[in-house]
Every structure is written in C-alpha cells, then in structure tokens.
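Asks: just to be clear, the model below is a prediction. Sequence and coordinates:
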Amino acid sequence: MKNKKVLFILSILLIPVLCSAANGGEFERGLRHYYRGELEEAGLYFQAAIDADTTQARPYFFLGNVHRREGNYHSAKEAYREALERDPGYRTVRERLAELSFDLEDWQEASRQYRELVEVEPRNFDYLYRLGLVYFRLEEFEDARKYFLRAREQRPRSDRIHYYLGRMSLEKGELLDALSRFERALQINPSEGEFYFYRGLALFREEDYLREDDDNWESADNFRRAIDLGYETPRTRFMLANSFLNRGLFSLRQGHDERGIERLRSAVSQYQNVLATDWEASNAYHNMGVAYLGIGRLTLARRAVDEAIEIEPTVVFFHDTLGLIHYRLGEFDKALSAWNLCRELDSDYEENPFGDLLELEPLSSRIREARIRR
C-alpha cells in the first residue's frame, strides 16, 4: 500500500515535466520546419506548442513570424502581442511588432512599440530614426523633430535625417532652413533624386522664378536633376513644368518675349508628359492652358482649360482663366458667363493665382470692362 502511494505521488510530480517535454518537442519540431521554409507545418507545431502550454512567449513569437511570412499580417500582430503579454522584455518580438506596424502604416501601434524600445535603448539610432519617421507620418512635427535630432546625435552624417528635418521646415514655411537642410543632405549623398526634388520645391516656393538673373533661377535645374537620378514621378514633371511656366510668364512681363515663349513651350511639353501618365490631372490641363495663353495659342488654351473644367468643374480659378481666354478672343458674353459663374461658386473670389504674372486686374474690374466692351 505504501509503495502504491509513493508511485502515485511520483506520477503527479512527473506530469508537469512530461507536459513541458511534450511542449518542447512540438516547438522544436516547429522550428525544424520553420528553418526549412515549410511554413504550414511549422505553424501547426507552434500552435500545438501553444495549446500544450499557453504561458510561453516563444511559440507565439514564431507563430507570428509564420503568419508574417505568409502575408497574414493581422494574425502576425496578434501573435506578437500575445508573446509580449507573456514576456514584455522580449525585445526581438517588440522590434518585429514595431516594424510590421510601421510597414502597415499603423502609426499609433508603431509609435507605442518604438517608444518602449527607446526607453530600453535611448541611443539606438534605428529606434530613434524610426520613431521620428512615425511622428513625421502622423504630422506631429515637434515630436518628429525631437527624435530626429536625437538620432542625429548618434549619426551626424545621416543624409536622411537632414532630409526629413528639411521636409518639416518646408511644411512650416521656413524656406531658408529647409534649403540649408536639403543642401546638407546633398553634400552627404549627391546621388539622391528625391533630395533634389524637395530642394527644387523649396526654391519654387521661395519664388526663385522671379529673380532677375537666370543663374539664380535654380528650381527647374533641381527638378531636372531629380528626374535624371531616377526620381521621375508625375509630380516631379508637374513641378518642372510649373517652374518653366512661371519663369516664362515672368520673362514675358520683363519684355524678353523670345526667351519667355521658349520657356512656355517647354512647360507645355512637360505638362503633356504629366498627362501621358495621369490623364485626369486637372491642374496640368489648366496650367498648360495658361502656357498656351502666354504663347498666344488661344484656341489650344481654351481646349486645355475646358478639359480641366470637365474633370473638376467646381475649381473657381479654372472658370476665371476660361473667362480670360474668351475675353482675349473677343467673346465678351462668354467671358462674362464664365466670370459670373466664378461669383456663383465663390462670392468672395477676386484674384487669379497667375494674376500677378499675367498682370490681371481683380475679377470685379474685369467684369466691368467686359460689360463695357460687350
């Protein structure tokens, strides 16, 4: 009787050991399949290990890795969270959850995880940089700047840090600071087309196309350089066209007719490139119409602006420009009709965005003049 009692006690004591061994076996089998790339089998064994013992973090972590590699990102995130609940100090899991959340643009989750990582490693460049990026995407620029500056302390020659600091200065309208940041980024890495694009954008917003000396009109060169280095997007072409358009109109205003018309033709060519890839780019149609207007090709100008209005009929200045074209064609009734529609769409509208370069009077003055000439 005594022997039976001892055996019973021993069997009870051995149950956790045997379960742990079984769990370890399931997990190890899962690892073998995982490293062979046999993800379906690995996932089954990791799940079996979890079913046997729900207190362990590692099976959840590797199950999350399986889900991630299979493209089941929601399930991967859930598995990573389960692993962290069981072992909050499991840094590799937190890194994976942070990276996955970042890739999925789940900025709130990414910010939570990267903040936790920064608490553990406050000088880790990758964590600081990624956290800066998260806040940049959230448009929380003060927090983004704070973490980018901390990242820069760890890696002063990071071209991307200077670039993003420039982007934030550009967003805030601090154009001189933005230009300085982009210049620094380009000194470190002169082969990045994106840096040239945003430097060109800062120059354009500074209205470099109004500078007297052609050598100081740099935005177009920066957009072209961006394209040459592979940063060729419809927006890059559009901004290159806008630089040519504004410089061309400025040249005409200064009396440099031949030079102005040449630049306006270059603008038309670039707008056509934009429309070849994005035929619904209403602003490209409109601005191309303005370029044709400057060249004196009024019929082509009208067609282009008509296309813009067909795509976006509620944009007030599209109708204003159409009215201007009709006015130049001597079609005063049509000009008044277009301009009256501007008033109906926005009773406070007065100034065409190209008014200064085209030397236009406010809308109310143009309406009065058209009524006289009608």
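Replies: Sure, I can see it.
Asks: now for the helix or strand containing residue 371, which elements pack on it?
Replies: Assessed by DSSP states H and E, residue 371 sits inside helix 363-373. When contacts are defined as 3 or more CB pairs under 8 Å, 6 or more residues apart in numbering; DSSP states H and E, helix 363-373 sits against helix 316-328, helix 332-345. Any C-beta I mention is one placed from the backbone N, CA and C, and that applies to glycine too.
Asks: and it, average pLDDT?
Replies: Averaging pLDDT along helix 363-373 yields 96.
Asks: which positions within it qualify as buried?
Replies: Buried residues in helix 363-373, counting neighbours by 16 or more other CB atoms under 10 Å, are found at 363, 366-367, 370.
Asks: try stretch 206-214
Replies: Neighbour-count burial for stretch 206-214 [16+ other CB under 10 Å]: 206, 208-209.
Asks: likewise for stretch 102-116?
Replies: Of all the residues in stretch 102-116, those buried under the rule 16+ other CB under 10 Å are 102, 106-107, 109-114, 116.
Asks: residues in contact with that stretch?
Replies: By CB atoms under 8 Å, 6 or more residues apart in numbering, the residues outside stretch 102-116 that reach it are 73, 77, 94-95, 97-98, 101, 127, 130-131, 133-135, 137-138.
Asks: pLDDT below threshold where in the stretch 51-200 of the chain?
Replies: The stretch 51-200 of the chain contains no residues with pLDDT under 70.
Asks: please give me every residue in contact with the residue lying closest to residue 339 once chain neighbours are set aside.
Replies: Counting by CB to CB, 6 or more residues apart in numbering, residue 339 lies nearest to residue 323, which is 4.3 Å off, once chain neighbours are set aside. Residue 323 is in contact with 334-339, 342, 366, 370, counting by CB under 8 Å, 6+ apart.
Asks: one step back: farthest-separated two in the contacts of stretch 102-116?
Replies: Farthest pair in the contacts of stretch 102-116 (CB to CB) is 73 and 135. Separation: 22.3 Å.
Asks: higher neighbour count, these two?
Replies: Neighbour totals were compared for residue 73 and residue 135, and residue 135 leads with 22 against 16 (other CB atoms under 10 Å).
Asks: and the helix or strand hosting residue 262, what's buried?
Replies: Assessed by DSSP H and E, residue 262 sits inside helix 257-277. Within helix 257-277, the residues that count as buried by 16+ other CB under 10 Å are 260-261, 263-268, 270-271, 273-275.
Asks: what's the first helix or strand after that helix?
Replies: Later in the chain than helix 257-277, the nearest helix or strand by DSSP H and E is helix 282-295.
Asks: picking that back up, got the buried residues of helix 257-277 as a markdown table, with distance to residue 290 columns?
Replies: Below are the buried residues of helix 257-277 laid out as a markdown table (distance: CB to CB, whole Å):
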| residue | distance to residue 290 |
| --- | --- |
| 260 | 13 |
| 261 | 13 |
| 263 | 13 |
| 264 | 9 |
| 265 | 13 |
| 266 | 14 |
| 267 | 9 |
| 268 | 10 |
| 270 | 13 |
| 271 | 10 |
| 273 | 17 |
| 274 | 14 |
| 275 | 15 |
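Asks: before we move on, back to that, secondary structure, distance to residue 147 and pLDDT for the buried residues of stretch 206-214 - can I get that in TSV?
Replies: Formatted as TSV, the buried residues of stretch 206-214 follow (DSSP: H, G, I helix; E, B strand; the rest coil; distance: CB to CB, whole Å; pLDDT from 0 to 100):
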residue	secondary structure	distance to residue 147	pLDDT
206	coil	28	97
208	helix	32	97
209	helix	35	98
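Asks: from the residues you listed, pick the one nearest residue 327.
Replies: Closest approach to residue 327 among those (CB to CB): residue 209, at 25.2 Å.
Asks: residue nearest the centroid of this protein?
Replies: For the chain, residue 137 is the residue whose C-alpha lies nearest the centre (CA atoms, centre = their mean; 8.1 Å).
Asks: what's the spacing between that residue and residue 106?
Replies: Distance, residue 137 to residue 106, using CB to CB, to the nearest Å: 10 Å.
Asks: repeat for residue 246
Replies: 40 Å.
Asks: list just the nearest of the buried residues of helix 257-277 to residue 305.
Replies: Of all the buried residues of helix 257-277, residue 305 sits closest to residue 271, with 12.2 Å by CB to CB.
Asks: what pLDDT does that closest one get?
Replies: Per-residue pLDDT puts residue 271 at 98.
Asks: residues in contact with the nearest residue to it once chain neighbours are set aside?
Replies: Nearest non-adjacent residue to residue 271, counting by CB to CB, 6+ apart: residue 288, 3.9 Å away. Going by CB under 8 Å, 6+ apart, residue 288 touches 241, 267-268, 271-272, 275, 304.
Asks: reformat these as JSON lines; add distance to residue 148.
Replies: JSON lines is the format used below for the contacts of residue 288 (distance: CB to CB, whole Å):
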{"residue": "241", "distance to residue 148": "32"}
{"residue": "267", "distance to residue 148": "36"}
{"residue": "268", "distance to residue 148": "40"}
{"residue": "271", "distance to residue 148": "36"}
{"residue": "272", "distance to residue 148": "39"}
{"residue": "275", "distance to residue 148": "37"}
{"residue": "304", "distance to residue 148": "42"}
